[in-house]
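Peer 1: the sequence isn't on hand, but the structure is:
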Ligand SMILES: N[C@@H](CCC(=O)N[C@@H](CS)C(=O)NCC(=O)O)C(=O)O
C-alpha cells in the first residue's frame, strides 16, 4: 500500500530535512520524493507557491516548509501540549529556521569575499549568541527533561538538531563546537542515539546540502 504522505523536494536536506526528521522521529511512513530540476520545471506551475517542499496527502497539498512541519508535528503529537508551550516550541523552530536561512545564504553566495565575511559573522557572533539563547530556553522551559520545551520531545528539538547538523554538513563548524553548550550537546547526543533517528541518519542519501 502506498504511504499516506508524499513529501516532494529536491535531493538535498535544506528546507525539507526537518520534515523528514519529524516523520522519522514519529515512526510515520512517507514517500520521500526527491526530484531533479527537469521534473521541477514541469511541476512548478502546479504547486501552491511555485516552490518546494510540498506535502501531499488525502488529495490535499500543503506548501511552505514550516507550515508542513507544524502541521505534521501537531498530527504526531510533537508540537507541545499547552497552548503557550506550542508557542514556545514554534519560537524555537523559527529561531532554528533563521539559522538555516543564514546557512543557505552563505552556501549559495557566489561573492567569495562576502561569503567569507558572512561566514565569520555567523560562526563568531550569530551562532554563539543563538546557542546561548537556546541554552537559556532549556534551563527555563526544559523542566529537567533534556528536551528544550519539556517534558517531552517536540519538533523544536528536531529543528535545533537539524539547523546545527546543517551547519556542520556545510563545513561551517564541527560537532565539537557545541560541546561547551551542555544542554544542546546533550540533546544532540540523545537524538543521535534515538533508534529511529539514528537509523535515518545512517541511511539518508549523501548530498552536498
Ligand atoms: N519559505 C519557503 C521557501 C521555499 C523555497 O525557497 N524553495 C526553494 C528550494 S529551497 C525552491 O523551491 N526553489 C526552486 C524555485 O524557486 O524554482 C519554504 O520554507 O518552504
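Peer 2: Here it is on my side, so go on. Source: prediction; values computed, not measured.
Peer 1: go ahead and confirm residue 22 touches residue 76.
Peer 2: Yes - in this structure, residue 22 is within contact of residue 76 by Cβ atoms under 8 Å, at 6.7 Å. All C-beta spots, glycine's among them, are computed from the backbone N, C-alpha and C.
Peer 1: looking at these two, which one has more neighbours?
Peer 2: residue 22 (27 against 15; other Cβ atoms under 10 Å).
Peer 1: quick one: the more buried one is in a strand?
Peer 2: No - going by DSSP: H, G, I helix; E, B strand; the rest coil, the assignment for residue 22 is helix, not a strand.
Peer 1: now it: closest residue in space that isn't a chain neighbour?
Peer 2: residue 72 (5.0 Å; Cβ to Cβ, 6 or more residues apart in numbering).
Peer 1: centre of the chain versus the helix or strand hosting that neighbour, how much separation?
Peer 2: Element membership for residue 72, per DSSP states H and E: helix 65-75. Average the C-alpha atoms of helix 65-75, do the same for its chain, and the two points are 11 Å apart (Cα atoms, centre = their mean, to the nearest Å).
Peer 1: list the buried residues in it.
Peer 2: 65, 66, 68, 69, 70, 71, 72, 73 (16 or more other Cβ atoms under 10 Å).
Peer 1: kindly report the same for stretch 147-157.
Peer 2: In stretch 147-157, counting by 16+ other Cβ under 10 Å, buried: 147, 148, 149, 150, 153, 154, 155, 156, 157.
Peer 1: among these, name the ones in helices.
Peer 2: Counting by DSSP state H, the part of the buried residues of stretch 147-157 found in helices is 155, 156, 157.
Peer 1: ok, so of those residues, who is nearest the ligand?
Peer 2: residue 155 (14.4 Å; Cβ to the nearest ligand atom).
Peer 1: contacting residues around the spatially closest residue to the closest one that is not a sequence neighbour?
Peer 2: Here the nearest residue to residue 155 in space, its sequence neighbours aside, is residue 73; by Cβ to Cβ, 6+ apart that works out to 3.9 Å. Residue 73 is in contact with 22, 79, 89, 154, 155, counting by Cβ atoms under 8 Å, 6 or more residues apart in numbering.
Peer 1: quick one: pLDDT of residue 73?
Peer 2: pLDDT recorded at residue 73 is 98.
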